[in-house]
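Novice: here is a sequence with its predicted model. Questions after.
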Amino acid sequence: MNTLSNPDESYDLYQPSPSTLGESPMSRDSSTYSRTYSENSDNSCCSEASPSSWPNTKSGANMKQNNNKPLGEDEKQQLINGIQELEMMKERFAKLLLGEDMSGGGKGVCTAVTISNSITNLYATVFGQSLRLAPLNPEKRALWKREMNCLLSVCDFIVEFIPSVSQNLLNGTTLEVMESRPRADIYVNLPGLRKLDAMLIEILDGFQDTEFWYAEQGSVSSSDSTSRLGSFRRVVVQRKEDKWWLPVPCVPKGGLSEKSRKHLRHKRDCANQIHKAAMAINTGVLAEMEIPESYVTSLPKSGRASLGDSIYNYMCSSKEKFAPEHLLNCLKIKSDHEAADFADRVEASMYTWRRKAGMYHTKSSWGMVKGVMTEIDRNDKNHVLAERAETLLFSLKQRYPELAQTTLDTCKIQYNRDVGQAILESYSRVLEGLAFNIVAWIDDVLYVDKTMTSQQQVVITN
């Protein structure tokens, strides 16, 4: 109330300090807002926005010049970076408020979708061109840290109240004092995601001085040094043809040293564990999201119609123990497209059976229903089939870790209105993708090394 009664005093708190005008506005932990999921930045708002209410950093430069202290090259570059970051911050802030609708007509997406798109596009900007094992560019590293800190700072204001201490008053009344803390899902998952993020950056930093290198599109110059001969595209036959644009790793004629191989295997194990942890968090967050009504109305009338007679009969015939791995082996799925289509059908049938069993909204609520079920209810056919469909879907995702998001997952993200869940889902998703890529890149290097070593042994034997 005191601040309201003295508006002049409150206003002075927001005046820019002349001593900080020459500094970069982003030198602190706060950062600019990241790119959105709009088509490109070409379609975004104008980058020359200059409202009169924003601090004029040029006045700081004039002030220094008037004091007969000309700016050095470092100060000039710092001032330019500060202006660019300020303009970027205004653009991000405008997109957040407009919901990516630059016409201002109120037809934009909700805040949750905007932030989710921002994290996704920031990942594409920073890591989209990083197709090899190498430290991240310093500018991109700073961009990633700065803008992610800004986006994740939203979670600091998503709180819940919990009992803190109890006080006994003089009249004998017990007063319970509440305090705020981050919401439970954010409190549990966000620190872990930050740690996984730092670990992935650390893994990339470990590939600064390596014995291997990369050749674009598998070409190696004939004038290359002797130590860099013998690497060619045909040794990377394990790579799928739809990944032709990836650079091909090259190793010396005799292969990598044992120390380098040990280092690669260690980093691969770390990245693989990070991938599993991020995927587990992402799966848990998606499971807690509400199922959109549009998806529920599109469910088939029966799970049998979704899966087909042969798969349905197998799931019903296994009375004692259901073996999802055996079923997947019998299906002989040949491509990721077939796997994604099958995942959609399994998931649709699972929720169809759950609906018939009495609950289909979220995974947690489904677990609550199972907890109060009687033994007769647990033997219900729809309940058994829903459980087996869930097990089959889990095994399918384990076998195909690069599997695209299912129709339900995409629908949940599109219609989600919870900002906290949107941040956790998108953050875990991009970390899961980066960890998977690091594992794949290390596998490529180890495969080339194994091939070159085998060829060298054949030459020595002959």
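Specialist: In hand now; what should we look at?
Novice: pLDDT below threshold where in this protein?
Specialist: Residue ranges of the chain with pLDDT under 70: 1-69, 216-244, 318-320, 359-379, 458-462.
Novice: stretch 283-295: which residues count as buried?
Specialist: Burial within stretch 283-295, assessed by neighbour count using 16 or more other CB atoms under 10 Å, is assigned to 283-286, 288-289, 291, 295. Just so you know, the C-beta spots here come from the backbone N, C-alpha and C atoms, and that holds for glycine as well.
Novice: looking at those residues, which is nearest Leu79?
Specialist: Val285 (41.2 Å; CB to CB).
Novice: buried residues in the helix or strand hosting the closest one?
Specialist: According to DSSP states H and E, Val285 maps onto helix 258-288. Buried positions in helix 258-288, judged by neighbour count with 16+ other CB under 10 Å: 260-261, 263-264, 267-268, 270-272, 274-275, 277-279, 281-286, 288.
Novice: what is it packed up against?
Specialist: helix 184-205, helix 363-372, helix 407-415, helix 419-461 (3 or more CB pairs under 8 Å, 6 or more residues apart in numbering; DSSP states H and E).
Novice: that helix to helix 184-205, inter-axis angle?
Specialist: Here the directions of helix 258-288 and helix 184-205 differ by 160 degrees (axes from the mean of the first three to the mean of the last three CA atoms, to 10 degrees).
Novice: following the chain onward from helix 258-288, which element is next?
Specialist: Per DSSP H and E, helix 258-288 leads on to helix 293-297 as the next helix or strand towards the C-terminus.
Novice: following that following helix, which helix or strand shows up next?
Specialist: helix 303-307.
Novice: output the helix or strand just after that next one as CSV, restricted to C-alpha atoms.
Specialist: Per DSSP H and E, helix 303-307 leads on to helix 309-317 as the next helix or strand towards the C-terminus. Only the C-alpha atoms of helix 309-317 are listed here, as CSV (Å, rounded to 0.1, in the frame of the first residue of the first chain):
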residue,chain,number,x,y,z
ASP,A,309,-8.2,-59.5,-36.8
SER,A,310,-4.9,-61.3,-36.7
ILE,A,311,-3.3,-59.0,-34.1
TYR,A,312,-6.5,-58.8,-32.1
ASN,A,313,-6.8,-62.6,-32.0
TYR,A,314,-3.2,-62.9,-30.8
MET,A,315,-3.7,-60.4,-28.0
CYS,A,316,-6.8,-62.3,-26.9
SER,A,317,-5.3,-65.8,-27.2
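Novice: and helix 309-317, how far from the chain's centre?
Specialist: Relative to its chain's centre, helix 309-317 lies at 36 Å (CA atoms, centre = their mean, to the nearest Å).
Novice: next one: stretch 145-157 to chain centre, how far?
Specialist: 14 Å.
Novice: tell me which residues of it come out buried.
Specialist: Buried residues in stretch 145-157 (16+ other CB under 10 Å): 145-152, 154-155.
Novice: would JSON lines of those residues with distance to Ala305 and secondary structure be doable?
Specialist: Shown next, in JSON lines, are these (distance: CB to CB, whole Å; DSSP: H, G, I helix; E, B strand; the rest coil):
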{"residue": "Lys145", "distance to Ala305": "50", "secondary structure": "helix"}
{"residue": "Arg146", "distance to Ala305": "51", "secondary structure": "helix"}
{"residue": "Glu147", "distance to Ala305": "46", "secondary structure": "helix"}
{"residue": "Met148", "distance to Ala305": "44", "secondary structure": "helix"}
{"residue": "Asn149", "distance to Ala305": "49", "secondary structure": "helix"}
{"residue": "Cys150", "distance to Ala305": "47", "secondary structure": "helix"}
{"residue": "Leu151", "distance to Ala305": "42", "secondary structure": "helix"}
{"residue": "Leu152", "distance to Ala305": "43", "secondary structure": "helix"}
{"residue": "Val154", "distance to Ala305": "43", "secondary structure": "helix"}
{"residue": "Cys155", "distance to Ala305": "42", "secondary structure": "helix"}
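Novice: which one of those is nearest Asn81?
Specialist: Nearest to Asn81 among the buried residues of stretch 145-157, with distances taken as CB to CB, is Arg146, at 11.1 Å.
Novice: what's around Val188, how many residues?
Specialist: As a burial measure, Val188 scores 13 neighbours (other CB atoms under 10 Å).
Novice: and what of the one 5 residues further on?
Specialist: Taking other CB under 10 Å as the criterion, the count of residues near Leu193 is 21.
Novice: before we move on, what about Tyr415?
Specialist: 17.
Novice: just the one 4 residues further on next, same as before
Specialist: A total of 19 residues lie near Val419 under the criterion other CB under 10 Å.
Novice: which residues touch it?
Specialist: Val419 sits next to 111-112, 115, 154, 158 when contact means CB atoms under 8 Å, 6 or more residues apart in numbering.
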